[in-house]
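[1] quick one, what's the 3D model for this:
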Amino acid sequence: MKKNFVDNGPMLNAYPDSMGGTMADIVSVLSKEEFKDVFQSFYILPSIFNTDLDRGFSVIDYSINEEMASASDIDKLGELGIDLKLDFILNHASVLSPQFQDLLKNGENSKYKDFFINWNKFWEGYGEITPEGYIQPEEKYIKDMFFRKPGLPILMVRMPDGKDVPYWNTFYQEVQYKRPDAQDLMEKMDIQYLAADRLSKRICSGLDEGKKPSEIDFTGYEKYKDAVVELLESGRRYLGQMDLNIKSDLVWEHYRNTLKSLSGYGARIVRLDAFAYAPKEPGKKNFLNEPDTWDVLERVKELADEFGVSLLPEIHASYSEKIYETVANKGYMTYDFFLPGLLIYAIENRDGSVLEKWANEIQEKKIRVVNMLGCHDGIPLLDLKGILAEEDIQKMIDTIVGRGGFVKDLHGAKNMYYQVNATYYSALGDDDKKMLFARAIQMFMPGKPQVWYLDLFAGKNDHEAVKRAGAGGHKEINRTNLTMDQIADAMNKDVVKKQLELLRFRNTNPAFGFDAKLDIKTDGSVMTFTWTNGDNKASLKADFSDYSFTIE
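    Residues are numbered from 1 along each chain as shown. Now for the predicted structure:
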């Protein structure tokens, strides 16, 4: 096992199928001599688990996905001296989770009847029941609430007794209906074969058009409508991510078991996804409710401490809101979502002053961050509000879009930017020199550097992947799965070789560390970063005028 000299060495970031197709392939890449002493950690995205949707963020359970990885693969990472960062999705679980499937099977008799949030129980006394069977809360209770999608966040769920019950569903949902053939209809109703054959075709056509069973055209077959609707509704299936009820003791038992499993896999950092949606109360804003969110985090931290893992709460908010500072002050690591945009701004404007200011703030306030350039999501924009002027943010957006990127608005809101989707390499104009310059500066910024695999291999925007993904598939521009041949070819490129050298230097030089000291000096276009840790020093001289740098 190799020895790491610093406590915040670089971390690879990838899906388990991003490099070759399986975790075994990734292990084989990381075992190469070129990768020796390059990475201290590996952030494996959650399709490493038993998941269904959202490229892994809809978790059925936290067992290892046998199509992607094995326990042996995880063990081999440990043998390479690489620890893990893994995801824990705090707010929700898949409808295919054993808990939700038990609820569908047993209804009110389910052990897990309160594991998820029954919408009508939650809002009882705060609104009126609608003809559709759900409570419409009074406007005064929901006017300030933030929902991720249009309308109320409800999935109507068919119970064993035939009743439809609304459950809280913040994120994705899909209702699926079985396409019946003539014999299916004949088994359930008194209908002749030819009529059943024709009606089944009409039903299937209507379902394919996205109609609900009750919306299908039954002209000429009206007498069968009620029976057909009941047949379809009673057999409907779901995909989606159902919100957990944090007031349930069973949910907290699930939280504890999950953290125990993640620790057992070798996780030293656990990223808390969607944690700010978990606490819910009528009338509160439904995102980062206070003090509820911090109370939940503290309770989760107690469980994490039991298993020796550090929590990394993931949240996007504008710089001016100072939420990153609040998270840090409460003793948690936090993401440096500001660095990706600030670094592009500094490079394109040939001015590092904004980086100096931000690095000094991190140091002065003793904020422990995980920093990055690219990641599985886009390059953050919302976060930059308050640290960059609006016109500077817009100019950066225009530059990246001009290089083939896409703007993602805030959860469907028009003209409310959230992120820009592009590979970091393409955001810099597919420029090797700029990419190396950016990576060198990342290595000398405060924090634990996280490295998106596609940026490491100088990956370009994948517009064909966006086309295949269809509407809303902008993120696929930066998620190309590389074959082993593509990786082998990329490793012959200087831009890849030199990034590996930078990462190895960062990982093995004892001048770095969370508690080491950073001094920054600016002289015109030249910035000098000097890290000091006891008797150890490391310096970077970066010239923004021509994107050259030297390291000592």
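
[2] the strands in the stretch 401-550 of the chain, which residues?
    For the stretch 401-550 of the chain, strands defined by DSSP state E, counting those that start in this stretch occupy the ranges 406-409, 417-421, 448-452, 517-523, 526-533, 536-543, 548-551.

[3] out of these, the one nearest Ile26 is which?
    Within those, the stretch nearest Ile26 is strand 448-452; the backing value is 13.3 Å (CB to CB). Glycine gets a C-beta too; all of them are placed from N, C-alpha and C.

[4] quickly run through the sheet partners of that closest one, with directions.
    Strand 448-452 has its sheet partners listed here by DSSP bridges as strand 11-14 (parallel), strand 369-372 (parallel).

[5] tell me the mean pLDDT for that strand?
    Mean per-residue pLDDT for strand 448-452: 98.

[6] phi, psi for Phe312 please.
    For residue 312 the amino acid is Leu, not Phe. Taking degrees, to the nearest 10, you get phi -120, psi 90 for the backbone angles of Leu312.

[7] okay, it: pLDDT?
    pLDDT, Leu312: 97.

[8] list the contacts of it.
    By CB atoms under 8 Å, 6 or more residues apart in numbering, the residues touching Leu312 are 85, 269-272, 332-335, 370.

[9] how close does it sit to Leu86?
    In this view, Leu312 and Leu86 are 10 Å apart by CB to CB, to the nearest Å.

[10] list the contacts of Val466.
    406, 473-474, 476-477.

[11] and these, which is closest to Tyr238?
    Looking across those and measuring by CB to CB, the closest to Tyr238 is Gly473, at 22.1 Å.

[12] what do Leu312 and Leu86 both touch?
    With CB under 8 Å, 6+ apart, Leu312 and Leu86 have common neighbours 269-271.

[13] Serialize the residues you listed to TSV and add fields for distance to Ile323 and pLDDT.
    Formatted as TSV, the shared contacts of Leu312 and Leu86 follow (distance: CB to CB, whole Å; pLDDT from 0 to 100):
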residue	distance to Ile323	pLDDT
Ile269	19	97
Val270	19	98
Arg271	16	97
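
[14] who wins on neighbours among the contacts of Val466?
    For the contacts of Val466, the largest neighbour count, defined by other CB atoms under 10 Å, is 26 neighbours, found at Ile477.

[15] now do the strands in the stretch 201-350 of the chain.
    Using DSSP E, counting those that start in this stretch, strands in the stretch 201-350 of the chain cover 237-243, 267-273, 310-313, 334-336.

[16] next one: the third one to chain centre, how far?
    Using CA atoms, centre = their mean, to the nearest Å, the distance from the centre of strand 310-313 to the centre of the chain it belongs to is 14 Å.

[17] which positions in it come out as buried?
    Within strand 310-313, the residues scored as buried using 16 or more other CB atoms under 10 Å are 310-313.

[18] pLDDT below threshold where in the stretch 401-550 of the chain?
    Within the stretch 401-550 of the chain, the stretches with pLDDT under 70 are 410-417.

[19] can you give me the helices in it?
    Secondary structure of the stretch 401-550 of the chain, counting by DSSP state H, counting those that start in this stretch: helices at 424-427, 432-444, 453-456, 463-469, 484-490, 494-508.

[20] how about the fifth one: buried residues?
    What it means is helix 484-490. Buried residues in helix 484-490, counted by 16+ other CB under 10 Å: 487, 490.

[21] the fourth one too?
    The neighbour-count check on helix 463-469 (16+ other CB under 10 Å) flags 465-466 as buried.

[22] count the neighbours of Thr367 for me.
    Actually, residue 367 is Ile rather than Thr. By the criterion of other CB under 10 Å, Ile367 has 19 neighbours.

[23] what are the C-alpha coordinates of stretch 377-384, in CSV please?
    Written as CSV, here are the backbone C-alpha positions of stretch 377-384 (Å, rounded to 0.1, in the frame of the first residue of the first chain):
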residue,chain,number,x,y,z
ASP,A,377,-23.1,18.2,-13.1
GLY,A,378,-22.4,21.5,-14.8
ILE,A,379,-20.0,24.4,-14.1
PRO,A,380,-21.8,26.3,-11.3
LEU,A,381,-23.2,29.8,-12.0
LEU,A,382,-25.8,30.5,-9.4
ASP,A,383,-23.0,30.2,-6.7
LEU,A,384,-21.1,33.1,-8.3
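
[24] which residue packs closest to Met372, ignoring adjacent ones?
    Among residues not flanking Met372 along the chain, Gln450 sits closest, at 4.2 Å (CB to CB, 6 or more residues apart in numbering).

[25] how about the contacts made by the one you found?
    Taking CB under 8 Å, 6+ apart as the test, what Gln450 contacts is 10-11, 13, 43, 370-372, 375.

[26] out of those residues, which is nearest to Gln173?
    Among the contacts of Gln450, Cys375 lies closest to Gln173 (CB to CB), at 25.5 Å.

[27] right, and the closest one touches Asn13 too?
    Yes - using CB atoms under 8 Å, Cys375 makes contact with Asn13 at a distance of 6.2 Å.
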